[in-house]
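S.K.: Provided below for reference: sequence and predicted model.
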Amino acid sequence: MVKAIRIHAVGGPEVLKLEEVTVAPPGQGEVQIKHAAIGLNFIDVYYRTGLYPAPLPLIPGMEAAGVVTAVGEGVGSLKRGDRVAYGTGPLGAYSEIRNMPANRVVKLPEAISDETAAAMMLKGMTASYLLHETYKVQPGDTVLFHAAAGGVGLIACQWAKLLGATVIGTVGSPEKAALARAHGCDHTIDYTRENVAERVRALTNGEGVPVVYDSVGAATLEASLASLRPRGLLVSFGNASGPIKNFDLIELSRRGSLYVTRPTLMTYAARDEDLARHAAALMDVVASGRVKIEINQRYALADAAQAHRDLEARRTTGTTLLIP
């Protein structure tokens, strides 16, 4: 028996229960992983609340790192003792030990620690597809990134800067503004005290930006649309403030023939070769020191409920880990 966090009914953080579960030997094409660290992400909240439906009971979590302790039949790419990480699921990371499809797991280089890997896989590969594929950031672009001091934000802002962009980031406090500026943001906008779209227009000589990366959702929709230049792209890749509902598409034409997309990492890394490409790009920029991974909070796995409360209350910055 191993300890894991399970959900038997959707709801608030209190539905996260520490329980003992049985983990079977790895099946065909699977490896068994003993976790060293588990990444906390807002998508975990979406599954906990039922915004993203999933069969119950479930063990949440999409991202973790650890060591391979057993290998199922048909697995030739990994062996016992390999240090590995993953960031695209399937669900089940909130556990001391779990089985994973071997083709969804990547081997870690010596230069990247278990904690760094658990902190970066989902968030970093998200940054990779956002910046390289959803909208291909070019030198000279100015981009707006909401929640710039969050887990994805700190990675993406550094990476966008490496690509030659001018980065504008929104934050909720002076402390978060300082953190964002230390991680690639050229300009920060405190949305609690400033009008985001007006500042963006001022910073771009009235033109607006070609792309807005928005993981906040309902609360930032208006500011995002108002910050775009004609034919600009709103990349809505999360909804931390709640989902966008009843959106009138005619608004896109009124504001200059805008585009909107709602991408996910699971789509962009669905093929094994895509997963390998994004993971390799991420490991390269992190191992080289060009992108730093900020682990600013650690909780015991048993304290997952408190970690969720702090995440939803925006009391966290950078990455949060659960330690089994």
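M.R.: That came through, no problem. Every value quoted in this text rests on a predicted model; they were computed, and no experiment measured them. Residues are numbered from 1 along each chain as shown.

S.K.: is the most centrally placed residue in the chain in a helix, a strand, or coil?
M.R.: The centroid of the chain falls nearest to Lys123 when counting by Cα atoms, centre = their mean (3.2 Å). Under DSSP: H, G, I helix; E, B strand; the rest coil, Lys123 falls in the helix class.

S.K.: ok, now Tyr299?
M.R.: Per three-state DSSP, Tyr299 ends up strand.

S.K.: any idea how far Ala307 is from it?
M.R.: Remark: distance between Tyr299 and Ala307 (Cβ to Cβ, to the nearest Å) = 4 Å. Any C-beta I mention is one placed from the backbone N, CA and C, and that applies to glycine too.

S.K.: what sits in contact with each of these two?
M.R.: Residues touching both Tyr299 and Ala307 by Cβ atoms under 8 Å, 6 or more residues apart in numbering: 40, 320, 322.

S.K.: contacts only, for the first one.
M.R.: Listed by Cβ under 8 Å, 6+ apart, the contact partners of Leu40 are 299, 304, 307-308, 311, 319-322.

S.K.: sec struct for the spatially closest residue to it that is not a sequence neighbour, please.
M.R.: Closest residue to Leu40 apart from its sequence neighbours, by Cβ to Cβ, 6 or more residues apart in numbering: Thr320 at 4.1 Å. With three-state DSSP as the basis, Thr320 sits in strand.

S.K.: can you pull the pLDDT of Thr320?
M.R.: Looking at Thr320, its pLDDT reads 97.

S.K.: same thing with the one 4 residues further on?
M.R.: In this model, Pro324 is scored at 97, pLDDT.

S.K.: so it versus Arg48, what's the distance?
M.R.: Counting by Cβ to Cβ, the gap from Pro324 to Arg48 is 18 Å.

S.K.: mind checking which of the two has more residues around it?
M.R.: Arg48 (24 against 21; other Cβ atoms under 10 Å).

S.K.: did I read that right, the more buried one in a strand?
M.R.: No. Counting by three-state DSSP, one finds Arg48 to be helix, located in no strand.
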